[in-house]
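**Q** would you be able to build a 3D model of this:
(one chain, ligands or ions: 2)
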Amino acid sequence: MSGLPNIKIGPFKRAQGSIVLPGSKSISNRALLLAALSSGTTTLKNLLDADDTQVMRNALRQLGLSVIDLADNVCVVEGCGGKFPVQNADLFMGNAGTAIRPLTAALAMQGGNYRLSGVPRMHERPIRDLVDGLRQVGAKIDYELQEGYPPIKILAADIAIQDVVRVRGDVSSQFLTALLMALPLVAKEPVKIEVIGELISRPYIDITLKLMARFGVKVACPDAQSFVIPAKTSDAVYQSPGALSVEGDASSASYFLALGAIGGGPVRVLGVGSESIQGDVAFADALALMGAKISSGEDWIEVAGVRNANGKLNGITIDCTEIPDAAMTLAAAALFAEGPTRLNNIASWRVKETDRIAAMAKELKKVGAIVEEGADYIVVQAPKSFADWKFPAQGIDTYDDHRMAMCFSLAAFGPNALQINDPNCVAKTFPTYFAEFAKIVS
Ligand SMILES: O=C(O)C1=C[C@@H](OP(=O)(O)O)[C@@H](O)[C@H](O)C1
Ligand SMILES: C=C(OP(=O)(O)O)C(=O)O
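**A** Ligands and ions are numbered 1, 2, ... in the order given. So this is what the prediction gives:
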């Protein structure tokens, strides 16, 4: 599909089948970094092969690590025991938040000189709260173009660990994740990280803590806003667990689960289920609230149509602060619901791959939905009947946002075929999305 300007899909009526999910982006990039920082060799299984995890792998290789890709998404990482072999590097981070933010923090602990940059949109995505946190322990970081945004330069500095490091958590949880993973490298004494104000996207912090524990570092959480990192007892803080299997991606699952509701199902996703450590599995609960028939096991979730006799979902009002990514799928599923769907607490959408609230609103209107947007919410009302759907002759624009492309594949269950522009942007987290989609729709 590489480079295709657009694809035309649908109209479809049925979705049925099962899909083996690619590995979780969030777990893959954390596991790669922790494996690199640990002592010992780690064999990562079911690692996500996509743009976001390739930029992390390439950066680690540039930093002097051995990161070897084997067949079947197995990757072997030779840990460096906390000190990267290369102390000067210019690293390209694409548009991967889970790469640039944690790496910035880890690099700031190294005493070397590094530059991190990305695609133009990355240079519009905030990093100030992380830089402010790192400066509290003596890190020297300069903004190259615009204050508060990449590209950034990390300059060699002596890190002087403090008892308490404060960080804001209301723009992105990735800043806290980055500090949590990096500060153990230098914590001669226990360090408390205090979150100032609201902490959004909390389930991603739980992923961070669970993975750190797998690599031998246990963080205490005396209250919801405080995290205590233990004092290091040896130079190599992180210990390789030997092998680590990456779960399927719960955000990627959301598109197929929604298809199982609007296309009758059953559609089963394999790789995430009741045992998942990812917050986005809660998408299934939101879909159940909309009237979908859901069942699940340890590592699978299935959707078999909807409970309503008319075959439609119900509109709901829901707080999305814990499922920022899968929440986009709810906005698209709302095209097949009776009554409005209101998604609250989604301000962070505005600083992700694109301004997702604006992009969603604009494209949903193109197919005939009635949409209201606010600073931190969106309300989506489906076209009243099939006759009220509009046909966007120029297609649906995707804004270089993988989730826009994947969400709008759902809209091919309306009355018209649909053109999706620049579908290849799914490569950020799910390069084979449209091939997998084609296998289950008719
Ligand atoms: O830590 C992570 O793996 C992520 C955290 C979330 O970002 P925010 O914390 O910025 O909401 C999420 O949207 C992103 O896709 C992955
Ligand atoms: C927000 C996302 O990505 P990132 O990790 O770049 O923040 C996303 O995948 O939806």
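**Q** within range of ligand 1, give me the residues from the stretch 201-350 of the chain.
**A** By the rule CB under 6 Å from any ligand atom, the part of the stretch 201-350 of the chain lying against ligand 1 is 201, 204, 324-325, 348. For the C-beta atoms, the positions are set from N, CA and C on the backbone; glycine is no exception.
**Q** need the max-distance pair from those.
**A** Using CB to CB, these span at most 11.1 Å, a distance reached by Tyr204 and Ser348.
**Q** just the ones of the residues of the stretch 201-350 of the chain next to ligand 1 in helices?
**A** Tyr204 (DSSP state H).
**Q** Lys366 and Ala393 touch, don't they?
**A** No. Using CB atoms under 8 Å, Lys366 is not in contact with Ala393; the gap is 9.7 Å.
**Q** more neighbours: which of those two?
**A** Taking neighbours as other CB atoms under 10 Å, Lys366 and Ala393 compare with Lys366 leading, 18 against 7.
**Q** count of residues packed around the nearest residue to Ala382 once chain neighbours are set aside?
**A** Excluding its sequence neighbours, the residue lying closest to Ala382 (CB to CB, 6 or more residues apart in numbering) is Leu335, at 5.1 Å. Using other CB under 10 Å, the number of residues around Leu335 comes to 25.
**Q** in a helix, Leu335, correct?
**A** Yes. The assignment for Leu335 (DSSP: H, G, I helix; E, B strand; the rest coil) places it in a helix.
**Q** now do the contacts for it.
**A** Listed by CB atoms under 8 Å, 6 or more residues apart in numbering, the contact set of Leu335 reads 364, 367, 369, 380, 382-383, 410-411, 414.
**Q** and the chain, what are its domain boundaries?
**A** Using automatic domain parsing, the domain ranges for the chain come out as 6-22+247-440, 25-234.
**Q** got these as TSV, with mean pLDDT columns?
**A** Converted to TSV, these look like this (pLDDT from 0 to 100):
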stretch	mean pLDDT
domain 6-22+247-440	98
domain 25-234	98
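**Q** nearest to ligand 2, out of those?
**A** The closest approach between ligand 2 and any of these, judged by CB to the nearest ligand atom, belongs to domain 25-234 at 2.6 Å.
**Q** end to end, how far does the closest one reach?
**A** With CA to CA, to the nearest Å as the measure, domain 25-234 spans 30 Å from end to end.
**Q** next one: stretch 233-248
**A** Using CA to CA, one end of stretch 233-248 lies 34 Å from the other.
**Q** isn't Met360 right next to Met404, touching?
**A** Yes. Between Met360 and Met404 there is a contact at 7.4 Å, judged by CB under 8 Å.
**Q** what do the two both touch?
**A** Taking CB under 8 Å, 6+ apart as the criterion, Met360 and Met404 both touch Met328.
**Q** who has more neighbours, these two?
**A** Neighbours per residue, other CB under 10 Å: of Met360 and Met404, the larger number sits with Met360, 29 against 25.
**Q** contacts only, for the more buried one.
**A** 328, 331, 349, 371, 373, 378, 380, 404, 407.
**Q** closest to Glu147 among these?
**A** The closest of the contacts of Met360, once distances to Glu147 are taken by CB to CB, is Trp349, at 23.0 Å.
**Q** how about that closest one, nearest residue that isn't a chain neighbour?
**A** Arg356 (3.6 Å).
**Q** cool, and Glu144?
**A** Using CB to CB, 6+ apart, the nearest residue to Glu144 is Pro151, at 4.1 Å.
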